[in-house]
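Trainee: My questions concern the predicted model and sequence given below.
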Amino acid sequence: MAESILHFGAVRLRAQGTGNLKLSYIGLDDVSIKINAPLILATSSGREPTILTNFISQRARLHILQTEIDDYMKVNRVVLYMNAYAEEFPK
């Protein structure tokens with residue numbers, strides 16, 4: 001499964017702070033998809049929102065960004081939901 005193609009379907013994030021988080025997946029060769037729904041932070045949210053995504057790649061990393069200078073974030077947990085999409089690329 002090391003070279004399998006994966007479908008990243010959702011991300012669940014437990015974060016506290018101020019401002020908005022902008023999330024995006026970055027795949028191989030810096031192919032990226034922006035998740036359009038920003039996550040609005042609060043000092044005590046009381047929930048872990050599930051943000052739906054649709055990204056297919058062999059590997060991916062989650063990029064979490066805050067754009068405002070005085071905002072802060074504390075991330076306690078990140079859960080990525082993914083399934084095997086295919087065993088390999090077509091030849």
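Mentor: Ah, there it is.
Trainee: what sits against the residue nearest the centre of the chain?
Mentor: With distances taken as Cα atoms, centre = their mean, the chain has residue 62 as the residue nearest its mean C-alpha position (4.4 Å). Contacts for residue 62 (Cβ atoms under 8 Å, 6 or more residues apart in numbering) come out as 11, 23-26, 78, 80. The C-beta positions use only the backbone N, C-alpha and C, and glycine is treated the same way.
Trainee: element containing it, please.
Mentor: Secondary structure assignment for residue 62, by DSSP states H and E: strand 60-65.
Trainee: Quick check: can you name the pairing partners of that strand and their directions?
Mentor: Under the criterion DSSP bridges, strand 60-65 sits next to strand 20-27 (antiparallel) in its sheet.
Trainee: helices or strands next to the helix or strand that the strand it pairs with is followed by in the packing?
Mentor: Scanning the chain past strand 20-27 towards its C-terminal end, the next helix or strand to appear is strand 32-34 (assignment: DSSP H and E). Contacts defined by 3 or more Cβ pairs under 8 Å, 6 or more residues apart in numbering; DSSP states H and E place strand 32-34 against strand 20-27, strand 50-57.
Trainee: Partner strands of strand 32-34, with direction?
Mentor: Using DSSP bridges, the neighbouring strands of strand 32-34 in the sheet come out as strand 20-27 (antiparallel).
Trainee: buried set for the strand it pairs with?
Mentor: Along strand 20-27, these residues count as buried under the neighbour rule (16 or more other Cβ atoms under 10 Å): 21-27.
Trainee: go on, stretch 63-74?
Mentor: The neighbour-count check on stretch 63-74 (16+ other Cβ under 10 Å) flags 66, 73 as buried.
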